[in-house]
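>>> need coordinates for the following:
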Amino acid sequence: MIELHTWNTPNGRKISIALEEMGLPYAVHTVNISRDEQFKPDFLRISPNNRIPAIIDPDGPGGSPISVFESGAILLYLARKTGQFWPADLRHQVPVLEWLMWQMGGFGPMPGQVHHFLQVADEQDRKYGLARYTKETTRLYGVANRRLASAEFFAGPISIADFAIIGWAWRHERHQIDLADFPHVARWYATMMARPGVTRGLEVALS
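This next block holds a predicted model:
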């Protein structure tokens, strides 16, 4: 049984969704980031960057345990381990990697900054950062909308890229995005949210 060390955040939800979709047994080990539990030595041994999520797979390569940190690396590991949501052909792997990296590099860090600046009390401190990151988050939703105008899922067939992206799109209301402004994203979002595995992955207690 895979150990999922995480908390109730978009990055944590990516992995609970993937585990549910892949039908892998797992046990949640909560890491309360509001209490700085991510800095405890036991967690740092499997996640040296002191960020959730991280996993321990007792049945790793060669049958030996392995730990994996960083949500994108975890998704790639699980996909390659199971052969699910990951194409066998290199040409078809490329768009999965492109959209996974797009999420890791932008569609996560940018709305995450919106979440941060929305909580800044002082208006002068909040104003510039909120405007900057809201603009970039909106741009990224536009990129996604254009892509989904010609594809059912981000890489064509459903893949781990979609699990990465839904983890953050799930918080669209928190970063003040109206999906009505992005109809192709809205269609994709409804399709993803209707999947039983996604539903279970969002409902499992991570905190």
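
>>> going forward, measure contacts between C-alpha atoms and count neighbours the same way
OK.

>>> so which elements touch the lengthiest helix in the chain?
Longest helix of the chain, by residue count under DSSP state H: helix 123-148. Helices and strands touching helix 123-148, by 3 or more C-alpha pairs under 8 Å, 6 or more residues apart in numbering; DSSP states H and E, are helix 109-118, helix 183-193.

>>> please repeat the previous calculation with a cut-off of 10 Å.
Where contact means 3 or more C-alpha pairs under 10 Å, 6 or more residues apart in numbering; DSSP states H and E, helix 123-148 is packed against helix 90-105, helix 109-118, helix 183-193.

>>> what residues sit buried inside that helix?
Using 16 or more other C-alpha atoms under 10 Å as the test for burial, helix 123-148 gives 126, 129-130, 133-134, 136-138, 140-142, 144-145, 147-148.

>>> among the helices and strands packed on helix 123-148, which is nearest residue 24?
helix 183-193 (18.8 Å; C-alpha to C-alpha).

>>> what's the closest non-adjacent residue to residue 80?
Using C-alpha to C-alpha, 6 or more residues apart in numbering and skipping the chain neighbours, the partner closest in space to residue 80 is residue 86 (6.8 Å).

>>> give me phi/psi at that neighbour?
Backbone geometry at residue 86, expressed as degrees, to the nearest 10, gives phi -150, psi 110.

>>> any idea how many residues pack against it?
By the criterion of other C-alpha atoms under 10 Å, residue 86 has 23 neighbours.

>>> quick check, it in contact with residue 157.
Yes. Contact criterion C-alpha atoms under 10 Å: residue 86 and residue 157 qualify, at 9.4 Å.

>>> now the common contact residues for those two.
Common neighbours of residue 86 and residue 157, using C-alpha atoms under 10 Å, 6 or more residues apart in numbering, are 92, 96.

>>> residue farthest from the centroid of the protein?
Most distant residue from the mean C-alpha position of the chain: residue 124, 31.1 Å away (C-alpha atoms, centre = their mean).

>>> ok, now how distant is it from residue 57?
Residue 124 sits 46 Å away from residue 57, going by C-alpha to C-alpha, to the nearest Å.

>>> circling back to that earlier point, tell me how far the residue farthest from the centre of the chain lies from residue 175.
19 Å.

>>> ditto for residue 153
When distance is defined by C-alpha to C-alpha, residue 153 is 22 Å away from residue 175.

>>> ok, residue 82 next?
Distance, residue 82 to residue 175, by C-alpha to C-alpha: 33 Å.

>>> give me the more crowded residue out of those two.
Higher neighbour count among residue 82 and residue 175: residue 175, with 21 against 12, using other C-alpha under 10 Å.

>>> would you check that the more buried one makes contact with residue 131?
No. Residue 175 lies out of contact with residue 131 (C-alpha under 10 Å); the separation is 11.8 Å.
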